[in-house]
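S.K.: Kindly generate the corresponding structure for this input.
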Amino acid sequence: MSRPLEDYGVIGNMLSAAMIGIDGSIDWLCLPRFDSPACFAALLGTRNNGRWLLAPKDRAARASHRYLPGTAVLETRFETATGAVTITDFMPLSNNETKVDVVRLVHCERGEVAMAMELVLRFNYGQVIPWVTRRDYGLSAVAGPDAVELHAPVALEGREMATHADFVIRQGESVPFTLSYHPSHKEPRFVHDSRDSLARTVEWWNAWSVRCKFPRYRPHWHDAVLRSLITLKLLTYEPTGGIVAAHTASLPEAIGGPRNWDYRYCWLRDSALTLYALVNSGYRSEAEAWRRGIRNNFASCMASKANVGCPRPTSRGLPATRAANPSASATLLPTRFSSTFSARFLTRSMRRARSASARLIRPASSRPCCSSTWRASGNRRAAASGKSAGRLATSPTLA
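M.R.: Numbering: from 1, shown residues only. Coordinates of the predicted model:
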């Protein structure tokens, strides 16, 4: 069973995102895109649906989560009877949308800690077990068109259709682990220096965060709002400017309820609310990228004057609207409306986006805090991905 949603943090690189439990397990990850089938789906099932656990052997270890300030880099700290260890998780930014990495750095702060790693790779939402080959750097796993490389400087052992590793880390030592995705017909790419990659990732996020224009006359809200903005930024798809409603799928709005939609796609309404929050905080380039993506990807749809939803775009297009049931995740969600109405709706949405992206940011002293903006953009998305109860990525309701 997965943990309560409030025990998860999220990392990402504007191509995909991963959910990491406070127990050190990555229970949700889709590669290489937000809307790709999950290779870790324990969030919706059990460990047999795929996960990557990295934690002390001592199950009584005390655990805590925190983000590095102003970044999407997550730290999980474990304290045991023999020492303390910190796992730093992040996804480096990539200029190739078919090559995505997840880096995990284990650093011992004091004493020594016996660690255990368990990698259960299950592609297509836990249905496909990959063909695993041992390499000098770790292992290679291939499942049809998908392939991942695990770079691990520790001894690996295969047991019960999973990869295990046991090692002891002592004060001052660091052990890096990297999971790299690439299409199986192409050569893999390697992260040569995990520390340098971490430094560049932190530098990029700090440069993005410093642009936040949230009113300084409410400093007690600044950190919480910035954390919400970073979460919204993680939901953008960099190649096209599209904005997914959430990075998860099939989580019910109410336990046992039927409304378990797939929120990993782009809705004009949800995107507009997100952009309104970003623009009012000083982030106008996201609105401009979204407008370009909408114009480019829907132009052909409007020209066809079809009476049904558009076919799913190509790999470079905006994510499409699809059904949420994992068993029918490739089924297009019917959106029957007339071409006249859809064209009018699209034109109105683009006009609003253009107006928002051209808005001049007023000085903090003259711009009131827009509480409805944060409620709409944060809580709607929180309901989709379970972040409303989270300690890390909560979007606050401002007074």
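
S.K.: dump the residue contacts of Val102.
M.R.: Ile11, Ala18, Ile26, Leu29, Trp52, Asp89, Met91, Thr178, Leu179 (Cβ atoms under 8 Å, 6 or more residues apart in numbering). Where you see a C-beta, it was placed from the backbone N, CA and C, and this is true even at glycine.

S.K.: Show the low-confidence segments of the stretch 201-350 of the chain, by residue range.
M.R.: Across the stretch 201-350 of the chain, the ranges flagged by pLDDT under 70 are 216-217, 298-350.

S.K.: Show me the helices in it, by range?
M.R.: With DSSP state H, counting those that start in this stretch as the criterion, the stretch 201-350 of the chain has helices at 219-234, 268-280, 285-304, 339-357.

S.K.: Mind giving me the packing neighbours of the shortest one?
M.R.: With contacts taken as 3 or more Cβ pairs under 8 Å, 6 or more residues apart in numbering; DSSP states H and E, helix 268-280 sits against helix 219-234, strand 242-243, helix 285-304, helix 339-357, helix 371-374, helix 380-385.

S.K.: Pull out the buried residues from it.
M.R.: By neighbour count with 16 or more other Cβ atoms under 10 Å, helix 268-280 contains the buried residues Leu268, Asp270, Ser271, Ala272, Leu273, Thr274, Leu275, Tyr276, Ala277, Leu278, Val279, Asn280.

S.K.: Rebuild those as JSON lines, extending it with distance to Glu173.
M.R.: Below are those laid out as JSON lines (distance: Cβ to Cβ, whole Å):
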{"residue": "Leu268", "distance to Glu173": "50"}
{"residue": "Asp270", "distance to Glu173": "44"}
{"residue": "Ser271", "distance to Glu173": "45"}
{"residue": "Ala272", "distance to Glu173": "49"}
{"residue": "Leu273", "distance to Glu173": "46"}
{"residue": "Thr274", "distance to Glu173": "41"}
{"residue": "Leu275", "distance to Glu173": "45"}
{"residue": "Tyr276", "distance to Glu173": "47"}
{"residue": "Ala277", "distance to Glu173": "42"}
{"residue": "Leu278", "distance to Glu173": "40"}
{"residue": "Val279", "distance to Glu173": "45"}
{"residue": "Asn280", "distance to Glu173": "45"}
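
S.K.: For Ala55, pull up the helix or strand it's in.
M.R.: Taking DSSP states H and E as the definition, Ala55 sits inside strand 51-56.

S.K.: What pairs with the helix or strand just after that strand, parallel or antiparallel?
M.R.: Under the assignment DSSP H and E, the closest C-terminal helix or strand after strand 51-56 is strand 62-67. According to DSSP bridges, strand 62-67 forms sheet pairs with strand 74-79 (antiparallel).

S.K.: For the strand it pairs with, which outside residues touch it?
M.R.: Contacts for strand 74-79 (Cβ under 8 Å, 6+ apart): 9-11, 20, 22, 24, 55-56, 61-68, 84-90, 113, 392.

S.K.: Quick one, which of those are buried?
M.R.: 9-11, 20, 22, 24, 55-56, 61, 63, 65, 67-68, 84-90, 113, 392.

S.K.: Kindly report the domain assignment for the protein.
M.R.: Under the assignment automatic domain parsing, the domains of the chain span 5-184, 211-389.

S.K.: follow-up on the earlier one: pick out the most distant pair among the buried residues of helix 268-280.
M.R.: Across the buried residues of helix 268-280, no pair lies farther apart than Leu268 and Asn280, at 18.5 Å, counting by Cβ to Cβ.
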